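Trainee: mind looking at a prediction? Sequence and model below.
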Amino acid sequence: MGSSKTTLQHRSAGMSKEAIQASLSDHLVYSNSKYPINSTTRDWFQTTAYAVRDRLVERWMETMQRYYEHDAKRIYYLSLEFLMGRTLSNAMLNLEMNEQCKTALYELGQEFEAIAEIEADAALGNGGLGRLAACFLDSMATLDLPCYGYGIRYEYGMFRQSIEHGAQVEHPDNWLRYGNPWEFPRPELLYPVKFHGRVVEYKHENGLLRHHWVDTDDVMAMAYDTPVPGYGGKTVNNMRLWAAKSSRDFELRYFNQGNYIQAVADKNESENLSKVLYPDDSTEMGRELRLKQQYFFVSASLQDMLFRYKKTHADWTQLPDKIAVQLNDTHPSIAVAEMMRLLVDIHHHSWDEAWALTTRIFSYTNHTLMPEALETWPVAMLESLLPRHLQIIYEINHRFLQQVMHQFPGDGELLRRLSIIDENGGRRVRMSHLAIVGSHTVNGVAALHTELMKRTIFADFERISPGKIINMTNGVTPRRWLNQSNPGLAALITENIGKGWLTDLDQLQKLRDYAGDAGFQKKFRAVKQANKERLAGMIRKQLGIAVDPDSLFDIQIKRIHEYKRQLLNVLHVITLYNRIRSGAYPDVVPRTVIIAGKAAPGYAMAKRIIRLINDIADIINNDQQVGGKLKLVFIPNYDVSNAERIVPAADLSEQISTAGTEASGTGNMKLALNGALTIGTLDGANIEIREEVGAENFFLFGMTTEEVDTLRRHGYDPLRHYHGNAELKQALDMIASGYFCPDEPARYREIIDVLLQYGDHYLLLADYASYVACQDKVGELYRDQKEWTKRAILNVAGMGKFSSDRTIREYAKRIWHVAPIVPQSTPDKRTDRT
């Protein structure tokens, strides 16, 4: 054979309607083996996805080539969750081929909306954490920043929620049932991930002590790549998810003995690692599986990073100049120990060299202020599962505490509080401490959250390393959460101020000039009304409940948790119900209260709250005396696609967590961006939203964090509020007596006990009167549609700060020190470097 090379040529995928139609025709036949006459809507979804993917792939490969040519420093975003949602519409809009594609399909006799509904949500996340990661990937690509997202390709995502007899029932979310046209399996990219075994120490020929991790149980991590386009399509980054594969597919000796189950037992056990998002951690086995998942994707990702670095670099000292690793919460924090293992044990650096590299590579984002939510693992579990890593963590801790001791001699209590090993009540590894010690920068996700981090849970770290903890207020991508989810409003904005807001959200400030304009207000209200009618239609179709689109749509959409205080919302609903029934408030503003969210399968109280909501809804919605003045709706299976339907229809956004509990929140940003007014406490990013949109355009209630602290210190008595407020007492008594569940009157006794007997930890009763009074102001303002619309427009105009583009620019400048790699022209070269 000769040594000459032939450059592969391919036909570029055009963006014209005609080129798209040609792609659709080709893929229908050659990718789906169908003719139009016998094709299904699913066939057309696959066909359209492949046609769009062709155009993504070209830009994806050009992007990867550009990064290699510039020897770019890359951002590696490690997240156990990526709540991506559907891809088709988002990709079409970001590639600016939306109208051409819809027209091409229409002329082929296909309706795009029906095709888009076929796509499964990629629900590889639990809530805000995973959705934030997805927004960040979108922004990094839009800003031309070299980035990889690393996570797990869960075979089953966040469970699908149904409501049966009022109660949440979880079903497997088999999102891969029909395949995933957006992903590219990379069977050549396999990395071994080790568990269990033992550590052998030996002296290297240079006299240094070395460690060898042997007799391990190995699992293989296989890569699946998904292109992530930025707006305009000039940069397409990569999301690489890992699937677990067995190192041994089949044990022939068991098969030959007739033991068919045992023949594939090892394979099944290995591949369980990437089977399901968040296994039930109420058992020892479930907790161990969660830790194994975390280490599995971290180890594969770090091996992949180092492999990519070594392909083009021989000098290890440049590693931090080419790699920036962001830990999204504590889940990936075992990465600090794993990087040390790889550098010391595999690549044979000295400890000091490896630590100097490691601490310049990692940065850590904290997402919680609740000590109980900061992840810890039993020492015994780590000793069994990851014995070498426990040794490394001990060594990191020893050296760290030595430094602290020299800095603050004689303060043993400080050492105990700062230690990575918690010695209280059974020895546990504090993963947040490991992440902080191993990172050069730690950030909170809202101004209040960051200040509280410094003053409370991480006060000692702020004391020993002032300036290490900084703030990065979260944001959301306007491409999905306005341009895609609310096309009517997006078009209205573009018509009046141009489309620059899509990549520079600060341009929304120009809308302030239109807030009082009668013509603009009329169009704005028409868009909102159309969105409300669309949501009302969905509610009627799915739930059989008729809601009035002219009523105030009062919306609370988020994970069900006591600190998010869906119960406070419910108490107000009961209060409204009682007022209407009493006849004392004949002119009440009609209101539709919509709640959606999932409760963790093992969180009994949250599931009880969901059932209470549905029981109350059943009574209120069927009470003839209430008429159309009040409706309560719980929308099941809250996910990205449902959020895209609900958010644009909101009049009022409920952000009512106890002050000092919500790290940031991003639902508050999405709802305000779409023209909802917020009722909320001074918690999380609510504070900054209120500053940006104007205090007069925000319904504020409740205690501040300082008042919460003072109340708890001086002793809080919820019974005082119960006996001192007749409306509150009536609402609670109705729940306690079984008014809403006559078939089982004691069903919600535990909820009442938590509020009255066990301290009302999240201070619902203390904030009730303020909340109800504030809700009265909401109703009064809604009567004046001109003034309400003006304030809604001002909310949209003030949301420029809350673009994830702004957040990512700050990360890139202050934490990662990564510059954009902007395409100068379309490269002629094509590579397979991914």
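Mentor: Ah, there it is.
Trainee: what residues are up against the residue positioned nearest the centre of the chain?
Mentor: By Cα atoms, centre = their mean, the chain has its centre lying nearest to Gly130, at 2.1 Å. Each residue near Gly130 by Cβ atoms under 8 Å, 6 or more residues apart in numbering is listed here: Ser79, Glu81, Phe82, Leu83, Leu124. For glycine as for every other residue, the C-beta is placed from the backbone atoms N, C-alpha and C.
Trainee: of those, which is the most crowded?
Mentor: Counting neighbours by other Cβ atoms under 10 Å, Phe82 leads these with 31 neighbours.
Trainee: so Thr226 lies in a helix, does it not?
Mentor: No. According to DSSP: H, G, I helix; E, B strand; the rest coil, Thr226 belongs to no helix; its state is strand.
Trainee: is it true that it touches Pro181?
Mentor: No. Thr226 is beyond contact range of Pro181, at 10.2 Å (criterion: Cβ atoms under 8 Å).
Trainee: so for the two, which residue has more residues nearby?
Mentor: More crowded of Thr226 and Pro181, by other Cβ under 10 Å: Thr226, with 23 against 18.
Trainee: any figure for the gap between that one and Gly475?
Mentor: 22 Å (Cβ to Cβ, to the nearest Å).
Trainee: please apply the same query to Met64.
Mentor: 26 Å.
Trainee: likewise for Ser737?
Mentor: Ser737 is 46 Å from Gly475, by Cβ to Cβ.
Trainee: what kind of secondary structure is Glu533 in?
Mentor: helix.
Trainee: before we move on, what about Ala120?
Mentor: Assigned state for Ala120: coil (three-state reduction, three-state DSSP).
Trainee: tell me which element the spatially closest residue to it that is not a sequence neighbour falls in.
Mentor: Nearest residue to Ala120, sequence neighbours excluded (Cβ to Cβ, 6 or more residues apart in numbering): Trp175, at 4.4 Å. Counting by DSSP states H and E, no helix or strand carries Trp175.
Trainee: Trp175 contacts Asp121, correct?
Mentor: Yes. Counting by Cβ under 8 Å, Trp175 does reach Asp121; the two are 6.7 Å apart.
Trainee: joint contacts of these two?
Mentor: Gly157.
Trainee: still on that earlier bit, higher neighbour count, Ser737 and Gly475?
Mentor: Between Ser737 and Gly475, counted using other Cβ under 10 Å, Gly475 has the larger neighbour count: 29 against 14.
Trainee: shouldn't that one be in contact with Met799?
Mentor: No. With contact defined as Cβ under 8 Å, Gly475 and Met799 do not form a contacting pair (9.4 Å).
Trainee: can you pull the residues that touch both of the two?
Mentor: Met669.
Trainee: excluding covalently adjacent residues, which one is nearest to Gln391?
Mentor: Once flanking residues are discounted, Gln391 sits nearest to Val199: 6.3 Å by Cβ to Cβ, 6+ apart.
Trainee: what about the helices in the stretch 351-500 of the chain?
Mentor: Listed in chain order, the helices of the stretch 351-500 of the chain (DSSP state H, counting those that start in this stretch) span 351-361, 379-385, 387-407, 412-418, 431-437, 447-455, 459-464, 478, 487-497.
Trainee: same check on the stretch 701-834 of the chain?
Mentor: Using DSSP H, counting those that start in this stretch, helices in the stretch 701-834 of the chain cover 705-714, 718-724, 726-737, 749-756, 764-783, 785-797, 804-811.
Trainee: how far off centre is the longest one?
Mentor: Spelled out, it's helix 764-783. 30 Å (Cα atoms, centre = their mean, to the nearest Å).
Trainee: using PDB, write out every CA atom in that helix.
Mentor: Provided in PDB are the C-alpha atoms of helix 764-783 (Å, rounded to 0.1, in the frame of the first residue of the first chain):
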ATOM      1  CA  LEU A 764     -44.400  29.600  58.100                       C
ATOM      2  CA  LEU A 765     -46.600  30.900  60.900                       C
ATOM      3  CA  ALA A 766     -44.300  33.800  61.700                       C
ATOM      4  CA  ASP A 767     -44.500  35.000  58.100                       C
ATOM      5  CA  TYR A 768     -48.100  34.200  57.400                       C
ATOM      6  CA  ALA A 769     -49.700  37.500  58.300                       C
ATOM      7  CA  SER A 770     -47.200  39.500  56.300                       C
ATOM      8  CA  TYR A 771     -47.600  37.100  53.300                       C
ATOM      9  CA  VAL A 772     -51.400  37.300  53.300                       C
ATOM     10  CA  ALA A 773     -51.300  41.100  53.600                       C
ATOM     11  CA  CYS A 774     -48.900  41.200  50.600                       C
ATOM     12  CA  GLN A 775     -51.100  39.000  48.600                       C
ATOM     13  CA  ASP A 776     -54.000  41.400  49.200                       C
ATOM     14  CA  LYS A 777     -51.800  44.100  47.600                       C
ATOM     15  CA  VAL A 778     -51.200  41.800  44.700                       C
ATOM     16  CA  GLY A 779     -55.000  41.400  44.100                       C
ATOM     17  CA  GLU A 780     -55.600  45.100  44.300                       C
ATOM     18  CA  LEU A 781     -52.900  45.900  41.800                       C
ATOM     19  CA  TYR A 782     -54.200  43.300  39.400                       C
ATOM     20  CA  ARG A 783     -57.400  45.200  39.100                       C
END
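Trainee: secondary structure class of Pro601, three-state.
Mentor: Pro601 ends up coil, using three-state DSSP.
Trainee: quick one, what contacts Asp639?
Mentor: Per Cβ under 8 Å, 6+ apart, neighbours of Asp639: Gly85, Asp121, Ala123, Met158.
Trainee: so which of these belong to strands?
Mentor: Gly85, Ala123 (DSSP state E).
Trainee: what's the burial count for the residue nearest to Ala120?
Mentor: Neighbours around Trp175, by other Cβ under 10 Å: 19.
Trainee: try Gly628
Mentor: 12.
Trainee: give me the pLDDT value at it.
Mentor: Listed pLDDT for Gly628 reads 88.
Trainee: where in this protein is pLDDT low?
Mentor: Along the chain, the parts satisfying pLDDT under 70 run over 1-12, 248-268, 279-280, 825-834.
Trainee: could you count how many residues lie near Leu728?
Mentor: 22.
Trainee: please begin residue numbering at 737 from this point
Mentor: Right, with 737 as the first residue, what we last looked at is Leu1464.
Trainee: how about the contacts made by it?
Mentor: Leu1307, Thr1311, His1457, Tyr1458, Leu1501, Tyr1504, Ala1505.
Trainee: I'd guessed the fourth one sits against Leu1501; true?
Mentor: Yes. Contact status for Tyr1458 versus Leu1501: in contact at 6.2 Å, counting by Cβ under 8 Å.
Trainee: distance to Ala877 and neighbour count added to the contacts of Asp1375, as JSON lines?
Mentor: Converted to JSON lines, the contacts of Asp1375 look like this (distance: Cβ to Cβ, whole Å; neighbours: other Cβ atoms under 10 Å):
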{"residue": "Gly821", "distance to Ala877": "16", "neighbour count": "26"}
{"residue": "Asp857", "distance to Ala877": "20", "neighbour count": "21"}
{"residue": "Ala859", "distance to Ala877": "21", "neighbour count": "26"}
{"residue": "Met894", "distance to Ala877": "24", "neighbour count": "25"}
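Trainee: need the contacts of Asp1375 in JSON lines with distance to Phe1194, can you?
Mentor: Formatted as JSON lines, the contacts of Asp1375 follow (distance: Cβ to Cβ, whole Å):
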{"residue": "Gly821", "distance to Phe1194": "32"}
{"residue": "Asp857", "distance to Phe1194": "35"}
{"residue": "Ala859", "distance to Phe1194": "31"}
{"residue": "Met894", "distance to Phe1194": "29"}
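Trainee: since that was my last question, I'll sign off now.
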